[in-house]
Structure formats: C-alpha cells, structure tokens
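Q: Here you go, sequence then predicted model.
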There are 2 protein chains.
Amino acid sequence: MATVEVVDFFYLRMPEVEAIADNSQDSLLVRVSSGGDVGWGECDAAPLVSIAAFVAPMSHGICQPVGNSVLGQRLDDSADIARINREVRANSLDLLQTSHTLAGIDMALWDLLGRRRGEPVWRLLGHDSSTAKTPYASQLFGDDPQETLDKGRAQRAAGFRAVKFGWGPYGQGDAATDAAHIAAAREGLGQDGILLVDAGTVWVDDVEAAATRLEALLTHKATWLEEPFISAALGAYSQLAARAAPLRLAGGEGAHNFHMAQQMIDHAGIGYVQIDAGRMGISDAKQVADYAAQRDVRFVNHTFNSHIALSASLQAFAGHAQDDICEYPVEAKPLAREITQSLIERDGDGLVRAPDAPGLGLEVDMAALARYLVQVEITIDGKTVYATPTLT
Amino acid sequence: MATVEVVDFFYLRMPEVEAIADNSQDSLLVRVSSGGDVGWGECDAAPLVSIAAFVAPMSHGICQPVGNSVLGQRLDDSADIARINREVRANSLDLLQTSHTLAGIDMALWDLLGRRRGEPVWRLLGHDSSTAKTPYASQLFGDDPQETLDKGRAQRAAGFRAVKFGWGPYGQGDAATDAAHIAAAREGLGQDGILLVDAGTVWVDDVEAAATRLEALLTHKATWLEEPFISAALGAYSQLAARAAPLRLAGGEGAHNFHMAQQMIDHAGIGYVQIDAGRMGISDAKQVADYAAQRDVRFVNHTFNSHIALSASLQAFAGHAQDDICEYPVEAKPLAREITQSLIERDGDGLVRAPDAPGLGLEVDMAALARYLVQVEITIDGKTVYATPTLT
C-alpha cells in the first residue's frame, strides 16, 4: 500500500503581471509524492490563496485545510482518488478556495497513478481511445476591428481553422462597435473558419444588453457566444439561449465542481459546456463530460495555462468523438510554455489529442521552474506553515 | 469626499479548535477606516485564506486581490458600497475565496456609513422598521436520543420556543436511529414548539437516502428539513421537495452571492432560504431577502458567529414582517460572545430584532480581541504583504 507522502506547491510568476485576461501570467504547480513515484498538476487559481487553503489552521469540522484530507491517504488505484476528492470536498466544504487547490492535486494524483501503471490517464478514466480534436486558437480581440482582422488572418495563416476572440473591447462599448469586430473576425478567419466569441461575463446578467449583439453573431455565423453572463446567472442564460438560436451559448468555466456544471447543463440552455480541469480537477471534469454526453451538450475544455493543464483537460473527454474541438492557448506567456520539456503539438492535419503516454504524458522542466519561482513564507504564531520548497 | 483608507483583518481563535460543526471557534474581524470613522464586520470563513484573498499578488485582470477594488475607493453613501461590491466581484471573479473576504468588508462599510449618519443599517437599506423575530436556538443533536431530548428540554426551559437540531449523528447511521432522534427532539421541545432539523448536507445529492427520513419528520411535525444536500445539487433538492410536502426544505447557507441564492429559490423548491451575511455580505443578503419575498419563499438568517454577524444578518430582512424567525446561536464559544461589549438579547416576549442604533449597533471589545488574536505574517519574495495589525 502506498500513501500520499508529500504535496509540494510551486508558485511561478512572470516578472510583470498585467491586469489583462491572460491566466498564463502565473501558475501554481503541484507535485505529489507517493511510494517513490511523483505526479504533477496545475491549479488555475490565485496561487497564494490556493496555498493558504492547503495549510490554513482548521476553523471547524467542515472548514478544514485541504491538506488534512490528502496527506497520508492511501493511493493505490482510481477509487482512492475518488475517495480523496469526496473527503476534501466534505471536510473543506466551507472553505471556498478548496476546489481550486484540489484541482491541481487531483491532476497530480492521476498523473502519478498513470506513471506508476504505465498508462495514460484517459485510459484509467475508462476511455478506449484518445480521439483527435480541432484546436481553436484562443486569443483576445484586437483593440480595434482592424487589429481583430489581422489577428484572425494571422491565426488562419498559422494553420488554425477555428479561432476564438474574447475579452478586450468586446461588450465594453456599443453594439455597433462590437458588430464591426465580429465582421472583422469573420473576414480575417475566412468563410469556412469556425468563429467563436467570448464575451467574458461582460453583461453580468443583463439579457437585453447581450441581445443587442445577437444579430451580428448570427449574420457572421459564429458557432457560439461564450459567457455573456456570470456562471450563476442561469435565468439570464436560458432567456438569451431561447432568443439566440441557432447561435448556441457556451459557458461553464466558472464551475468549480460537477454540480455547478450540471446546473448550467440543466438550466442555462447552453450548447457547449466549457470545463477547466485546473479549477475542478480531472475527476469532476470527467463526470461533466459524461453527463453532457447524455444531455446532448458538447463538452469543451477551458485552458489558459501550461500544457500540464491542457493535457489534464483533454483527458476528461479524450474518448468522446462527438466533442471534437478543444481550446488551445496560443498567446500564453513564456512561463506557461517553458515549464514542460515538451508541448502537445498539432499533428499533420492540424489536430491535437491527449498524449498516448503514461500519466499526463509531459515532463516538468525543473530549470524553467527555477527561473519563475516565487518565494513565499506564511507563519502563524511564529510557526512556519508554508515555505516555498527547494527545487530538487 | 471620504475614501476607504485602511482595511484591517484580525484573526481570532479559541485555544483549541475541534473538528465539529461549530463555526464560532474562530473569527475573522474586519475593521474599515475612512475619514475618521470606523466600521466593523465579520467573515464566516477560513481566516488565513480570506486574508490571503485580500493581499495576494494579482494573477490576471479578473483574478486581482480584493484589496485592489476596496482601498482608496470613495465612501460617501450606499451607492458607493454597491459600486465597491460590483468592482470586487468583477475584478476578483476568478479568485474563489473573494466572497467570504468581501462579506466582512461589506458589513464594515455599512456599519461605518451607519455610524457616520447616526442611522441603523436597516434604515440605510430601505427598511421602515426593525420587526421582531422569533429566535431559534441552534444546537447540535445529542450523541444519542436521550441527550437530544435533554437538549430540547433545556432550550425550552431557557425560553426558546423554536429549536433547531443539526449535524452530530443525524444521517450518519440508519433511518430508525434518526427517527428516534426526531421523536426525542419533539418530546423535549413540547408539542407547541417549532422543530427545525438540519441534515448538514449529509446525503450530498442522494434523494433516496434523504427520502427515508421524511416519515419521521412529517410525523413529528418538523417545520423544515435543512440542507439534505450540498447547495449546488438543485435537482436533488427539487425532487425531494416534491416528495416532502407539507414538510418544507431549507437551504442556502452555501450561497456566496445573490445569484446562487436565486438559483436555489428558482430551482431547488425550497420553502426557506437561509443566508449568511458573513459569507455574501449585507448587500447581497438584502437582494436575496427582496427576491425571496417576491417568490413567496421565507428568508432566514444563517449565523454561527459573534453578534456582529448576527446583527449584520438581521439587517437584511429587518423590515420583512413575514420573515418572522431567525437563527440565534446558543452554543457559541466564549470568543464569539466576548468580542462585542454587548449582545443582542431577547426581549420580554422572547423575541429579537436588529438594533435600533447607529450602524450594526454593537461595540467591539478590544481587550477581548487581544485575548484571542492570532499572529500571522505572509511574505512574498522577502516582502511582508500581511502582518497582524497592532491592536489600537
């Protein structure tokens, strides 16, 4: 019997972090050690806060630090990972940050188990194969329509048939300006491209504001409108979905457990559910993928970090041929590209798939970690409860 | 024009913290200073994690520390508090712990504004009066039915007509044992008592497991069954609600913003929505109270901390005469009773109401704070980003 012996957190950061919609500016890597094996994961989360969630003193029975339900646990098979997930979520129910901390740990547990068995994670999850996905280049809108057009052309030239434009000026000004960006995006991408649009929750829960953008999206044949509202605004989603057809809505990145994603599938009228394994873990993401398949909703990953998170996200729906597109970060910062020794590259047809290699199929580059490592220390009544681990 | 100049966090803790369902074992008090005035609030949250959410380095545009959207903000009237709430939720959308940190700050902002104006918070919120509520004594089930009976009798003898039993053994064993506890609770409380039962999310989302407990609850005329499931399991809630009538379900303490509570009201079939101002703030709690009134759902506070949190929770529905019961912690630890110079006591009729005094109507006892204060220091690359403030 092996147990979880050590969980190390590495907070990595670019020298400059800007207030833009780019999650790749920092990273919280997690390394789990058990019985001579290690596994790696990555949280999409405020690193300091997620570390604090692992080490915080207990507040009460269901507000325990995440570490209490992970360290010392048996880790022999996938049922152990399920049990660890259940115990963490029960014992840390009142600690909001829990899911984001757990997400990286869950990835690392799967990676470790896969390495130990010599199997890819997707096979341990019950998938028969790792099907090819059309990667969409995920990027910000340009500051003006001309820049949006140029960015569309550039991605097409780089071999991406599917491109998502998001955030930036979209929804910040009037509907006519937004329509000009959509027209520019379509022109840049070409008529046969898959055009995806991300509003970044800009209308919060304002259905009418979002509705004024539908005409341009329909005219220019966008495949989806993503996150018009915050994840919790189910009523606003379902009202807009009814008015938007045949345009479909996408959302779900804000979901940090299976049930939140289930709510969106059941009540928000979305056509695509977008799940970030760096926020809910591979275990819950797999549950969402299976549930979405039952409800005829398409599953798509949400990924804005390193290829550890990308691989983890692909594992959950690797075997689902009908879920045939995936988010593929193309504007990630050097940090996010350098911390693995290799990347999940597109094949000759421009497609990607979860690696057919043990675990998540990637090796961490310790030298790169050293370049970006942040030194953190947390003391409580004079006792150190967390200090950045030495890189070994 | 006044601005938010300083936000101080005080982490308080009992010498011993046990893994039981008692949130009063620690506290995170918040003090806001602006233009010579101060206000106090209290987060129901893992203190270290909630402090980290205020000071964490920015990860990206919508994963900013809460402090970025609070410090330096204008604070002249209630519209400023609304704006601060909006900006925090937008700029810290991807930082899960945000709502719990914001909750205490929001309380402190209202307290400060009320003190400055010489008005109780409920009046600033638009309520005409502070109506009387029947307090229910909130306590854990006994370890066996006899102890549950004794605990019911003791609260009745202490003048509480309404008593809630929760957690402990309930739902952990078989349905027959649970039924014996319910019968004992009813016997201890007397036939005219208001019996409330809290399952503490023990069945997660298992409708059948919960359904086996309905008969005893109906037989012994419980007013509600609280939290059979985790907050996000809306489908499980609505299925059980249909089978439980006339017994009503209660839930919502896990909601950490208006929209999550709205989802429960709209989709979970609950008869009572229970809101903790220490988790979502007074501003969002008031929105929930108003929405619940429109949907014929009763609003009840959830409070397990000090009387700062109790007062804050009462403010939100102070003017709603139809929402006529309130949670009143009776097993709180000394810490939770000592940190205010006075308590919200029951009147001659055994009823309580939000104080008719400026702000939240309570004064903090700085000497008591000193007895429970935890010394925390967080450094990042050698720079201190948080240190427990000196008590002055």
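A: The structure has been received and is ready for your questions. Numbering: from 1, shown residues only, chains lettered A, B, ... in the order given.

Q: Next, see if the strand or helix carrying A:Ala312 gets close to chain B.
A: When secondary structure is defined using DSSP states H and E, the element that contains A:Ala312 is helix A:307-316. No - residues of helix A:307-316 are not located near chain B by Cβ under 8 Å from any Cβ of the partner chain, the shortest gap being 13.7 Å. C-beta coordinates here come from the backbone N, C-alpha and C atoms, glycine included.

Q: okay, the helix or strand just after that helix in CSV with CA atoms only?
A: Read in the C-terminal direction, the helix or strand following helix A:307-316 is strand A:325-329, with elements assigned using DSSP H and E. Once side chains and other backbone atoms are set aside, the C-alpha atoms of strand A:325-329 remain, and they are given as CSV (Å, rounded to 0.1, in the frame of the first residue of the first chain):
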residue,chain,number,x,y,z
ILE,A,325,-13.0,20.8,-30.7
CYS,A,326,-10.7,21.9,-27.9
GLU,A,327,-9.3,25.2,-26.6
TYR,A,328,-5.6,25.6,-27.4
PRO,A,329,-3.8,28.6,-25.9
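
Q: which element follows strand A:325-329 toward the C-terminus?
A: With DSSP H and E setting the assignment, the helix or strand that follows strand A:325-329 is helix A:334-338.

Q: So what touches that next one?
A: Applying Cβ atoms under 8 Å, 6 or more residues apart in numbering or on different chains, the contact partners of helix A:334-338 are A:12-14, A:24-27, A:305-307, A:329, A:343, A:365, A:368, A:371-372.

Q: which of the residues you listed has the weakest pLDDT?
A: Here the lowest pLDDT out of those sits on A:Pro329, with 85.

Q: burial count for it?
A: The number of residues packed around A:Pro329, counting by other Cβ atoms under 10 Å in any protein chain shown, is 22.

Q: Isn't it up against A:Leu310?
A: Yes - proximity of A:Pro329 to A:Leu310 meets the contact threshold set by Cβ atoms under 8 Å, at 7.2 Å.

Q: okay, and the common contacts of the two?
A: Where contact means Cβ under 8 Å, 6+ apart, the residues bridging A:Pro329 and A:Leu310 through contact with each are A:Thr303.

Q: which residues touch the residue nearest to A:Leu343 when sequence neighbours are not counted?
A: Distances taken as Cβ to Cβ, 6 or more residues apart in numbering or on different chains put A:His307 closest to A:Leu343, at 5.1 Å, once the chain neighbours are dropped. A:His307 is in contact with A:Ala336, A:Arg337, A:Thr340, A:Ser342, A:Leu343, A:Ile344, A:Leu362, counting by Cβ under 8 Å, 6+ apart.

Q: Could you find which two of those residues are furthest from each other?
A: With distances taken as Cβ to Cβ, the most widely separated pair in these is A:Ala336 and A:Ser342, at 13.6 Å.

Q: Keeping just the C-alphas, turn whichever strand or helix holds A:Ala236 into PDB.
A: Using DSSP H and E, A:Ala236 sits in helix A:234-244. These are the backbone C-alpha positions of helix A:234-244, laid out as PDB (Å, rounded to 0.1, in the frame of the first residue of the first chain):
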ATOM      1  CA  LEU A 234     -28.800  30.600 -15.100                       C
ATOM      2  CA  GLY A 235     -32.000  32.500 -15.700                       C
ATOM      3  CA  ALA A 236     -30.300  35.100 -17.900                       C
ATOM      4  CA  TYR A 237     -28.500  32.400 -19.800                       C
ATOM      5  CA  SER A 238     -31.700  30.400 -20.600                       C
ATOM      6  CA  GLN A 239     -33.600  33.500 -21.700                       C
ATOM      7  CA  LEU A 240     -30.800  34.500 -24.000                       C
ATOM      8  CA  ALA A 241     -30.400  31.000 -25.300                       C
ATOM      9  CA  ALA A 242     -34.100  31.000 -26.400                       C
ATOM     10  CA  ARG A 243     -33.600  34.200 -28.400                       C
ATOM     11  CA  ALA A 244     -30.200  33.300 -29.800                       C
END
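
Q: and the following helix or strand past it, what other elements does it pack with?
A: Next in sequence after helix A:234-244, counting helices and strands by DSSP H and E, comes strand A:248-251. Applying 3 or more Cβ pairs under 8 Å, 6 or more residues apart in numbering or on different chains; DSSP states H and E, one finds that strand A:248-251 makes contact with strand A:222-226, helix A:234-244, strand A:272-275.

Q: Would you map the helices across the stretch 251-392 of chain A?
A: With helices called from DSSP state H, counting those that start in this stretch, the stretch 251-392 of chain A shows them at A:258-267, A:277-294, A:307-316, A:334-338, A:366-372.

Q: One more: the stretch 101-250 of chain A?
A: Defined through DSSP H, counting those that start in this stretch, the helices belonging to the stretch 101-250 of chain A, from first to last, are A:121-124, A:145-157, A:175-189, A:207-211, A:214-219, A:234-244.

Q: Please identify the deepest-packed of those helices.
A: Most buried of those, by mean neighbour count (mean count of other Cβ atoms under 10 Å in any protein chain shown): helix A:121-124, with a mean of 25.

Q: CA atoms only for that helix - export them in CSV, please.
A: Listed next in CSV are the C-alpha coordinates belonging to helix A:121-124 (Å, rounded to 0.1, in the frame of the first residue of the first chain):
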residue,chain,number,x,y,z
VAL,A,121,-4.8,9.0,-17.6
TRP,A,122,-7.5,8.8,-20.2
ARG,A,123,-7.3,5.0,-20.1
LEU,A,124,-7.5,4.9,-16.3
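
Q: could you give the mean pLDDT of that helix?
A: For helix A:121-124, the per-residue pLDDT averages 98.

Q: can you list the residues that contact that helix?
A: A:78, A:110-111, A:113-114, A:117, A:130, A:282, A:312, A:314-315, A:318-319, A:354, A:359-360.

Q: List buried residues within those.
A: Applying a neighbour-count criterion of 16 or more other Cβ atoms under 10 Å in any protein chain shown, the buried members of the contacts of helix A:121-124 are A:78, A:110-111, A:113-114, A:117, A:130, A:282, A:312, A:314-315, A:318-319, A:354, A:359-360.

Q: Nearest residue to the middle of chain A?
A: Most central in chain A under Cα atoms, centre = their mean is A:Asp276, positioned 2.6 Å from the mean C-alpha point.

Q: I'd assumed A:Ala318 was in contact with A:Ala289.
A: No - with the criterion set as Cβ under 8 Å, A:Ala289 and A:Ala318 do not qualify as a contacting pair; they are 9.0 Å apart.

Q: and B:Leu93, which of the helices of the stretch 251-392 of chain A is closest to it?
A: Taking Cβ to Cβ, helix A:277-294 is the member of the helices of the stretch 251-392 of chain A nearest to B:Leu93, at 11.9 Å.

Q: Check which helices and strands that closest one sits against.
A: Taking 3+ Cβ pairs under 8 Å, 6+ apart as the contact cut, helix A:277-294 packs with strand A:37-43, helix A:78-91, helix A:98-117, helix A:258-267, strand A:272-275, strand A:298-301, helix A:307-316.
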